[in-house]
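Engineer: What follows is a predicted protein model with its sequence.
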Amino acid sequence: YDKLVLAVGSTSNTHGVPGLENCFQLKTISDAQIIRRRIMDNFELASLPTTTPEERKRLLSFVICGGGPTGVETAAEIHDFCQEDIFNYNFWLRRHLIFPFQFPKICREEVSIHLIQSREHILNTYSEDISKYAERKFERENVNLLTSARVSAVTPTSVIYTARNPVTKEMEQHTIPTNFVLWSTGIAMNPLTKRLCDLLPNQVHRKAVETDAYLRVKGAQKGTIYAIGDCATIETSAVPHFIELVEESDKNKDGKIDFQEFEEMVKSIKRKIPMAENHLVQVRELFQMYDSDADDSLSLNELMQLLQELVASQQGKYVGSLLTRIARHQHQFEASNTPLERQDESVSKPFKYFHLGSLAYIGNSAVFDFDRFSLMGGLAAMYAWRSVYWSEQVSARTRALLMIDWIVRGIWGRDLSRL
C-alpha cells in the first residue's frame, strides 16, 4: 500500500469479569436484532401460565452494566418499550381480535430495569447537572440505579456485583436474577490494533494506538499509516506542560496537588489546551478517580497518569481531506522531491478537535451538553436530539425512511413483529 488508514474501532472492555459470554453487546445491527428477539422471547415466556412467579421475575429483569451513553440510552429504550409499546400492543390486539394472545398486565407491572455503574454518577463525562437530571428521571421511572458498584461475575441466570454498604462502609456482594444482561463498560483494543502496537516502538497507550497531531501513527514511517476513530488517540499535548503546570499550581510547594490547587490547574489546562476541556468537566470526580491512595491530594505520578489520559476523537473528515490534498499535489511533490514525512505538513494544519457537544436519549426525552450551556428534557431537547440524528444520515433516502419511522412510531408505536 501507499497509505494505510486504520479505522477498525474497538472491542468492549471486559475488566477481567468472568461470564461475559452470557452478555449482549450493542455495536452492530446484528447485536440490536438479537437483543430485540431476546426481549420479545422473555415477555412471551413470562406470559405462559406454566411460568412460576420467580421465573417470571427473572425473565422480566433487565440488567445494563455501564452508565455511559450506551447503557443509559439502552435502559431508557427498554423502559419505553415495556411501559408504552407493550401496553399499546395489548390494546391493539383487544380492539381487532385477530389474535388470542396478549401480554398480561402483570408482565408490565413486574418489569425491573437495573443500571450498574462503577462511578458515583451515570453519564459521568457530561456536566453534573445533566448527570443529576438523568438520575432523577430514572428514579421517577423506577429504574434501579446501582452506582459505585462493580460487576464481579455474570452467570446464565444472574449478575453478581459488589457495592459498598452505606451504613457499615463495607463491600457487600449482591445477586440479581436475570435473563438479559447488556455489557457496555468502555472500550478496549481491537486485536489488530494491539498487534500493531506490539510491532511499533513508542506505543504505550493501553486502549488505543497513539498518533501525532496529523493523525500519523507514532513509530511508523511518517506519512504511511494513519489511525482514526475509537482505535486511535492523539498524543496529548498536556504532558509536555507537566512541570510548568505543577510549578504553577503547587502553591505550598509540597510536591502534591490538593483539590483547590487541582481546580486552578484545570483552568490553566483549559486555557492552554482547548482540546482537553471535554475531559475535564466533572472536576471533583476526576480528582477522586486518580487519587489512588485516597489522601485528598494528587502525587506527581497520579497527576502524570491523569494528563496522559486526555484524548480526542472526531478525525475521519480530517484524514479524508488530508489524503485528498496530498493526492492533488502529488506531481508537485515528485517534481520537488518533497520527502514523504513532510508532505502532510505542507498541505494541512495539525488536526484540532472541535467539541460540538454531547447528547443522550433518556426515555421520551434527551439531554444536550454543549460548551456554554446544557439542555435537558422537554420537547425541545427531544426534537433537537432527533434533528442531530436526522442530519447525520448518509442520504436523502435514509432521512426519509427515518422520518417515516418516527411518524409511524408516534401514531401506532413500535413494530413488535420479529426481525
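Structural biologist: The structure has been received and is ready for your questions.

Engineer: Next, residue 81: phi, psi?
Structural biologist: phi -60, psi -50 (degrees, to the nearest 10).

Engineer: Kindly confirm whether my reading is correct that it touches residue 42.
Structural biologist: No - when contacts are counted by Cβ atoms under 8 Å, residue 81 is not listed as touching residue 42 (11.3 Å). For every residue, glycine as well, the C-beta is placed using N, CA and C.

Engineer: which residues are common contacts for these two?
Structural biologist: Residues touching both residue 81 and residue 42 by Cβ atoms under 8 Å, 6 or more residues apart in numbering: none at all.

Engineer: Can you show me the CA trace of the helix or strand harbouring residue 401 as PDB?
Structural biologist: Per DSSP states H and E, residue 401 falls inside helix 396-412. What follows is helix 396-412, C-alpha atoms only, in PDB (Å, rounded to 0.1, in the frame of the first residue of the first chain):
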ATOM      1  CA  ALA A 396     -32.000  11.700   1.400                       C
ATOM      2  CA  ARG A 397     -33.500   8.200   1.200                       C
ATOM      3  CA  THR A 398     -32.300   7.300   4.700                       C
ATOM      4  CA  ARG A 399     -33.500  10.600   6.000                       C
ATOM      5  CA  ALA A 400     -36.900  10.000   4.600                       C
ATOM      6  CA  LEU A 401     -37.100   6.400   6.000                       C
ATOM      7  CA  LEU A 402     -36.000   7.700   9.400                       C
ATOM      8  CA  MET A 403     -38.700  10.400   9.400                       C
ATOM      9  CA  ILE A 404     -41.400   7.900   8.300                       C
ATOM     10  CA  ASP A 405     -40.300   5.500  11.100                       C
ATOM     11  CA  TRP A 406     -40.600   8.300  13.700                       C
ATOM     12  CA  ILE A 407     -44.100   9.200  12.400                       C
ATOM     13  CA  VAL A 408     -45.300   5.600  12.400                       C
ATOM     14  CA  ARG A 409     -43.900   5.100  15.900                       C
ATOM     15  CA  GLY A 410     -45.600   8.300  17.200                       C
ATOM     16  CA  ILE A 411     -49.000   7.200  15.900                       C
ATOM     17  CA  TRP A 412     -49.000   3.400  16.300                       C
END
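
Engineer: Stretch 124-136: how far from the chain's middle?
Structural biologist: How far stretch 124-136 lies from its chain's middle: 14 Å, per Cα atoms, centre = their mean, to the nearest Å.

Engineer: Now do that stretch, average pLDDT.
Structural biologist: Here stretch 124-136 scores 81 as its mean pLDDT.

Engineer: can you pull the buried residues of it?
Structural biologist: By neighbour count on 16 or more other Cβ atoms under 10 Å, the buried set for stretch 124-136 is 124, 125, 126, 127, 128, 130, 131, 133, 134, 135.

Engineer: I appreciate the help and will end here.
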